[in-house]
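Asker: Just to be clear, the model below is a prediction. Sequence and coordinates:
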Amino acid sequence: MRTFLISGVCFLSALIVTVISLKCQQCVSTTENKCEGTEITCSTSENNCVSLTTETIVGDTKVNVFAKACSASSECNFPFFMTDGNSKTRGATKCCKSDNCENGVISLPNVNNTLNGLQCPSCNAVGTDKCEKSSTIKCEGAENRCIYYSLTVSKGTTKISTATRGCGSENICSSSQTGLFHGATLNFFECSSASCLYHSLLVPIIVELYLIKLLS
Ligand SMILES: *[C@@H]1O[C@H](CO)[C@@H](O)[C@H](O)[C@H]1NC(C)=O
């Protein structure tokens, strides 16, 4: 009886999993705030159709990306910010939960250039998945984490890896980011608390006190 019941439950949950496999559009546009794509079947952990809009400023160039994909709930409905030595990105995601559903127009979150007292190591490297700190940047607005990530971008048979360190908002740390880096493979994404400017000033002082004590 019990085995029967358990197998019945398993059968039922298998059935539910099949039923809730969502279908979403997958597409990317760098010219419009919309795109039409191919329909894909989401994995069982992805129960949302996400739309993503981002703006990245590199020097004098502004790049806008709009994308649609399947996503986990952790990537849904939040604004996010990232800054490194070369570029500044802001973006937002929005989700819906029915087959091929539309999220409509998504607006970019407001820019906030106020320094928040935190700082992070910064570097950009192309052709490698590692980069060591080459300078330090001061974080602004909601960017209260230090981020470090590596992407691999494929173009035909060529694969190029990049590594980046900088400041980022906390919400991108808790998302699984697969949708955010749509079109590229994320090799790793690490977050740490941005060090407080005052704490980093304290470190040499503590080392110095320790040395004085040792020498006396
Ligand atoms: C802008 O960022 C600063 C520093 O994090 C914060 O104190 C302030 O509330 C933010 N302003 C707005 C309008 O979000």
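Answerer: Received the coordinates, thanks. Numbering: from 1, shown residues only.
Asker: hmm, stretch 115-124 in reach of the ligand?
Answerer: Yes: shown here: stretch 115-124 in contact with the ligand (CB under 6 Å from any ligand atom) through Asn116. Yep, even glycine has a C-beta here, placed from its N, CA and C like the rest.
Asker: ok, residues contacting that stretch?
Answerer: Contacts to stretch 115-124, defined as CB atoms under 8 Å, 6 or more residues apart in numbering, come from residues 84-86, 131-147, 162-167, 194-198, 200.
Asker: now these: which count as buried?
Answerer: Buried members of those, scored by 16 or more other CB atoms under 10 Å, are 84-85, 131, 137-147, 162-167, 194-195, 197.
Asker: Strand partners (parallel or antiparallel) of the helix or strand hosting Asn116?
Answerer: Asn116 belongs to strand 115-126 when assigned by DSSP states H and E. When pairing is defined by DSSP bridges, strand 115-126 lines up against strand 135-140 (antiparallel), strand 158-168 (antiparallel), strand 195-196 (antiparallel).
Asker: Rebuild the ones you listed as JSON lines, extending it with mean pLDDT and distance to the ligand.
Answerer: Formatted as JSON lines, those follow (pLDDT from 0 to 100; distance: least, CB to the nearest ligand atom, whole Å):
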{"stretch": "strand 135-140", "mean pLDDT": "95", "distance to the ligand": "7"}
{"stretch": "strand 158-168", "mean pLDDT": "90", "distance to the ligand": "11"}
{"stretch": "strand 195-196", "mean pLDDT": "56", "distance to the ligand": "13"}
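Asker: Just send these back as a markdown table, with distance to Cys120 too.
Answerer: Rendered in a markdown table, the data for the strands paired with strand 115-126 read as follows (distance: least, CB to CB, whole Å):
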| stretch | distance to Cys120 |
| --- | --- |
| strand 135-140 | 6 |
| strand 158-168 | 5 |
| strand 195-196 | 7 |
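Asker: Of these, give the one that comes closest to Asn64.
Answerer: strand 158-168 (19.1 Å; CB to CB).
Asker: need the next SSE after that closest one, C-terminal direction.
Answerer: Taking DSSP H and E, what comes next after strand 158-168 is helix 170-174.
Asker: quick check: mean pLDDT across the next helix or strand after that next one?
Answerer: Proceeding N to C from helix 170-174, the next assigned helix or strand is strand 185-193, under DSSP H and E. Per-region confidence: strand 185-193 scores 85 on mean pLDDT.
Asker: Next: stretch 113-126.
Answerer: Mean pLDDT, computed over stretch 113-126, is 93.
Asker: Stretch 95-102 now?
Answerer: On average, stretch 95-102 scores 95.
Asker: what comes into contact with it?
Answerer: With CB under 8 Å, 6+ apart, stretch 95-102 has contacts from 22-25, 39, 47-51, 71, 73, 75-77, 103.
Asker: Give me the subset of those residues that lies in strands.
Answerer: Lys23, Cys24, Gln25, Glu39, Asn48, Cys49, Val50, Ser51, Ser71 (DSSP state E).
Asker: May I ask which of those residues comes out lowest in pLDDT?
Answerer: Ser71 (87).
Asker: Stretch 72-90: how far from the chain's middle?
Answerer: Counting by CA atoms, centre = their mean, to the nearest Å, stretch 72-90 is centred 6 Å from the centre of its parent chain.
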